[in-house]
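1. Pasting the sequence and the predicted model now:
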Amino acid sequence: MILNGPNISIITLSAVVAGLINALAGGGTLITFPVLTLLGLPPVVANITNTVALCPGYFGATLAQRKLLIDQKLRLKTLLPAGILGGIAGGVLLVSTDEKLFRALIPFLILFATLLLAAQTPAKQFLERMGKSKGRETTGDTGSIDSSKAQGAASILCIGIAAVYGGYFGAGLSVIILAALGITITDSLVRLNALKQSLSFSINVAAAVFFIFSGRVNWLICAIMAVSALAGGTVGGKLANRISPTLLKIVVVTFGAAIGLYYLIR
């Protein structure tokens, strides 16, 4: 990719939009990754650079919900190793993937991530109904995985599998993690969402740290994107009460579907 003025402007704008979208609705990767590949960056390098650049955004989301994690330390200690190991495993798998093969997978990865984003709201509503039907209560919670060892093992397995996907591509990871937590852990959706943020951050950091030593990060583009995404996230936080996340999500899903079909046809 030639980093001329127009390309830098496009990358900057896409990262700002991605940061704003991540702050409001999620799915920013569906904006930045296609832009990088369409501008000529090799797909694997684009994915790796994108993961490292957007990683700080997860920290902000985790920090914002840290109070809901205070009495969930046991859950974090139990699930964090699976998330970290899975994130690294996904990173290793990505680095080992041939550019030609990954290019062939791009439309399916984008369409799958788009489908996950589209299913986010229905999934949350389903988990809320499921929680109410089971009589879930947040008071008196010990922060453990669950009383059943089988359910605890299922949580670890599900998070590990989700983490591999997160390290490999990442878009839509939050939806998978929240679904896994909602099905295997008895608690309120609000607290599980905070746990999801922390796990997503850990998975992405684990993959990003591995990528740093892979020699496949385009550091100049990464720096441009990181600063731009941070600016977009800041703006998104201030506009949280003025822009409809649902409307924004519809726009991102439409864009993701169009890009996925474009790659598929091409």
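-> Received the coordinates, thanks.
2. confidence score at Gly140?
-> Looking at Gly140, its pLDDT is 44.
3. likewise Val35?
-> We note a pLDDT of 94 for Val35 in this prediction.
4. now swap in Thr234 and tell me
-> 81.
5. Number the chain from 18, please
-> Happy to do that; since the first residue is 18 now, the last one works out to Thr251.
6. Next, count neighbours for it.
-> By the criterion of other CB atoms under 10 Å, Thr251 has 15 neighbours. Backbone N, C-alpha and C define where each C-beta goes, glycine included.
7. ok, now Pro23?
-> Neighbours of Pro23 under the rule other CB under 10 Å: 10.
8. what separates it from Leu58, distance-wise?
-> Going from Pro23 to Leu58 by CB to CB, to the nearest Å gives 15 Å.
9. Please apply the same query to Leu97.
-> 32 Å.
10. Would you mind telling me which of the two has the busier surroundings?
-> Leu58 (21 against 16).
11. Quick check: closest non-adjacent residue to Gln82.
-> Nearest residue to Gln82, sequence neighbours excluded (CB to CB, 6 or more residues apart in numbering): Ala211, at 3.9 Å.
12. make that Ser172, sorry
-> Ser172's closest residue in space is Thr201 (CB to CB, 6+ apart), at 4.1 Å.
13. what about the one you found, how many neighbours?
-> Around Thr201 there are 21 residues (other CB under 10 Å).
14. Double-check it against Lys166; I have them as touching.
-> No: Thr201 is beyond contact range of Lys166, at 11.8 Å (criterion: CB atoms under 8 Å).
15. tell me the centre residue of this protein?
-> Leu190 (4.3 Å; CA atoms, centre = their mean).
16. so who does the closest residue to it other than its chain neighbours touch?
-> Closest residue to Leu190 apart from its sequence neighbours, by CB to CB, 6+ apart: Gly183 at 4.0 Å. By CB atoms under 8 Å, 6 or more residues apart in numbering, Gly183 lies in contact with Gly103, Gly104, Gly107, Leu190, Ile193, Ile194, Ser217, Ile220, Asn221, Ala224.
17. Let's see that with 10 Å instead.
-> With contact taken as CB atoms under 10 Å, 6 or more residues apart in numbering, Gly183 is in contact with 68, 100, 103-104, 107-108, 176, 189-191, 193-194, 216-217, 219-221, 223-224.
18. helix or strand right after the worst-scoring helix or strand of the chain on mean pLDDT?
-> Ranking every helix and strand in the chain by mean pLDDT, DSSP states H and E puts helix 137-150 at the bottom, with a mean of 73. The helix or strand immediately downstream of helix 137-150 is helix 166-185, counting by DSSP states H and E.
19. Name the residues of that following helix that are buried.
-> 169, 171-173, 175-185 (16 or more other CB atoms under 10 Å).
20. Which one of those residues is nearest to Gly253?
-> Gly183 (21.4 Å; CB to CB).
21. How confident is the prediction for that closest one, by pLDDT?
-> 92.
22. for the stretch 18-167 of the chain, which spans come out with low pLDDT?
-> 42, 74, 77-78, 148-165, 167 (pLDDT under 70).
23. can you pull out the helices in it?
-> Assigned by DSSP state H, counting those that start in this stretch, the stretch 18-167 of the chain shows helices spanning 22-41, 46-55, 60-81, 90-113, 116-135, 137-150, 166-185.
24. for the second one, packing partners?
-> In other words, helix 46-55. Here helix 46-55 touches helix 22-41, helix 60-81, helix 116-135, helix 236-255, helix 262-282, going by 3 or more CB pairs under 10 Å, 6 or more residues apart in numbering; DSSP states H and E.
25. one step back: what residues are up against the residue nearest to Gln82?
-> So Ala211 contacts Ala78, Thr79, Ala81, Gln82, Arg83, Lys84, Leu85, Leu86, Ile87, Gln89, Ser205 (CB under 10 Å, 6+ apart).
26. Many thanks, I have nothing further to ask.
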